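Engineer: Okay, sequence plus prediction incoming.
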Amino acid sequence: MQEISPEALSERLHTGDDGPLVLDIRHEADFEEWHIPGSVHVDVYDELTAGSAQAAEALSDLPRDEQIVTVCAAGVVSETATEVLQTLGYDAVTLTDGMNGWSRVHRHAPVPVDLDGTLIQVARPGTGCLSHLLISDGEAAVFDPSQYLDEYEAILDEYDVELTGVFDTHAHADHVSGAAELADRHGVPYYLHPKDALAIDATPAEDGQTVTVGSLDIEVIHTPGHSEGSVSFDIDGAALLTGDTLFHESVGRVELGVEAGIEDSDVEQNAATLYESLQRLLDRPDDAVVLPAHDPGSPDPPVTATLAAVSDRNDELGRDRADFVTALASDIPEHPPNFERVKRTNVGREAVPADELAELELGPNNCAAE
């Protein structure tokens, strides 16, 4: 049985030179909820589990001029699909670990920004998560890292820099943070606002505080609403790391902390708070590059936009206060998978076994208000 790793598939799709055709064989509802962009969908999951011969007819009309990569949730049933396709004469391989593997893929690229240093964006195409590394004068800081720390260690090694701090913009609800562990590995501070560091040892990141990395200053801006401890980071006036407070075309949700049972506020109060936080960000320079912690698509780094551009295209920013609060409090989209446990894990109120951490965050990213 031939396989292709998620990283290799990501590279081939990124270059776009030689295909391949990605064939998702899961149930329609699973495909519609979350899939690799550009995938072809043929729902033969039940046929493949019942007996491969029943799936042959449904798969026999696929194009024969490019390699086919079969995809399911964990790369098990898709192995049977690959066997059927090979029997039919197709050049077919299986995506190792299926969508589970795809969720672990990371890509990185420098952010074009006017700084005395280097800012690198790390994207997870399978989840929409964005994290960042700041490098200046031999020092580095990491913002919103995933639990897959080797990705960040490799970049630190590539640039031969010393990690001096790790930051979270907030206690995330969609993915398990690797910030505390990365900071512990290197013996450096882990910065998180006290309102989100409920039961976790962290260095406070509070409004107006400045942390220096190399020759660059990082200003902490408390921007609650999505989370009581949400902060944004202004890097030398040139870049705004806005977490889940401000996206390029939306804003953060306001009910996740309430529904996870870790906030005493209500949804309307959070929406009003978020409105005020956004006004603080909109007072920053128009040419500052806005770098959120998520992108709703399958991000190919760098995902950037100036604050002026975001102000123009983000409809949420054009609402008055009353309309904004009503809209965010009443229109609640689908929740991120397992958001209650993920949120409790990131604030330190739940200890999840290591072998369960990856499963917690599988599925689509739903941290933006829609």
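Structural biologist: It's in.
Engineer: outside of the longest helix along the chain, which residues touch it?
Structural biologist: What stands out as the longest helix in the chain, according to DSSP state H, is helix 267-282. The set of residues external to helix 267-282 that reach it, using CB atoms under 8 Å, 6 or more residues apart in numbering, is 221-226, 230, 232, 240, 242, 245-246, 251-252, 254-255, 257-258, 263, 265, 307, 311, 317, 321, 324-325, 328-329. Every residue, glycine included, has its C-beta placed from N, CA and C.
Engineer: Just the buried ones among those residues, please.
Structural biologist: 221-226, 230, 232, 240, 242, 245-246, 251-252, 254-255, 257-258, 263, 265, 307, 311, 317, 324-325, 328-329 (16 or more other CB atoms under 10 Å).
Engineer: Keep only those of these that are in helices.
Structural biologist: Short answer: the buried ones among the contacts of helix 267-282 in helices (DSSP H) are 257-258, 307, 311, 324-325, 328-329.
Engineer: got the CA positions of the longest helix of the chain in PDB?
Structural biologist: Extracted in PDB, the C-alpha atoms of helix 267-282 (Å, rounded to 0.1, in the frame of the first residue of the first chain):
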ATOM      1  CA  VAL A 267     -23.100  37.200  25.900                       C
ATOM      2  CA  GLU A 268     -24.500  40.700  25.600                       C
ATOM      3  CA  GLN A 269     -22.000  42.100  28.100                       C
ATOM      4  CA  ASN A 270     -19.100  40.400  26.200                       C
ATOM      5  CA  ALA A 271     -20.400  41.800  22.900                       C
ATOM      6  CA  ALA A 272     -20.400  45.400  24.400                       C
ATOM      7  CA  THR A 273     -16.900  44.800  25.800                       C
ATOM      8  CA  LEU A 274     -15.700  43.600  22.400                       C
ATOM      9  CA  TYR A 275     -17.100  46.700  20.700                       C
ATOM     10  CA  GLU A 276     -15.000  48.900  23.000                       C
ATOM     11  CA  SER A 277     -11.900  46.800  22.400                       C
ATOM     12  CA  LEU A 278     -12.200  47.100  18.700                       C
ATOM     13  CA  GLN A 279     -12.400  50.900  19.000                       C
ATOM     14  CA  ARG A 280      -9.000  50.800  20.700                       C
ATOM     15  CA  LEU A 281      -7.500  48.800  17.900                       C
ATOM     16  CA  LEU A 282      -9.000  51.100  15.200                       C
END
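Engineer: Show me the helices in this protein, by range?
Structural biologist: 6-15, 28-33, 45-50, 53-59, 77-87, 98-102, 150-159, 179-186, 256-259, 267-282, 307-313, 321-330, 339-346, 354-360.
Engineer: ranking those helices by mean pLDDT, which is last?
Structural biologist: The minimum mean pLDDT among the helices of the chain belongs to helix 256-259 (a mean of 71).
Engineer: Name the residues that touch that one?
Structural biologist: 173, 226-228, 263, 265-267, 270, 335-336, 339-340, 343, 367.
Engineer: From the residues you listed, pick the one nearest Cys129.
Structural biologist: Distance to Cys129 across the contacts of helix 256-259 (CB to CB) is lowest for Cys367, with 9.2 Å.
Engineer: Which segments of the protein make up each domain?
Structural biologist: Under the assignment automatic domain parsing, the domains of the chain span 3-102, 107-360.
Engineer: so of these, which one's packed in deepest?
Structural biologist: domain 107-360 (a mean of 20; mean count of other CB atoms under 10 Å).
Engineer: Now do the end-to-end distance for it.
Structural biologist: Start-to-end span of domain 107-360 (CA to CA, to the nearest Å) is 21 Å.
Engineer: got any ranges where the stretch 201-350 of the chain has weak pLDDT?
Structural biologist: 260, 331, 333, 335-337 (pLDDT under 70).
Engineer: ok, now with 80
Structural biologist: Applying pLDDT under 80 to the stretch 201-350 of the chain picks out residues 256-265, 297, 331-339.
Engineer: Likewise for the stretch 51-200 of the chain?
Structural biologist: For the stretch 51-200 of the chain, the ranges with pLDDT under 80 are 51-54.
Engineer: Please enumerate the strands of it.
Structural biologist: With strands called from DSSP state E, counting those that start in this stretch, the stretch 51-200 of the chain shows them at 68-71, 92-95, 107-110, 118-124, 129-136, 139-143, 162-167, 190-192.
Engineer: From the contact counts, what lies against the second one?
Structural biologist: Packed against strand 92-95, as judged by 3 or more CB pairs under 8 Å, 6 or more residues apart in numbering; DSSP states H and E, are the following elements: strand 3-4, strand 68-71, helix 77-87.
Engineer: Also the fifth one?
Structural biologist: Strand 129-136 is packed against strand 118-124, strand 139-143, helix 150-159, strand 216-222, strand 289-292, with contacts defined by 3+ CB pairs under 8 Å, 6+ apart.
Engineer: Kindly reformat these as a markdown table and extend each row with distance to Asp196.
Structural biologist: Shown next, in a markdown table, are the helices and strands packed on strand 129-136 (distance: least, CB to CB, whole Å):
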| stretch | distance to Asp196 |
| --- | --- |
| strand 118-124 | 21 |
| strand 139-143 | 14 |
| helix 150-159 | 21 |
| strand 216-222 | 11 |
| strand 289-292 | 17 |
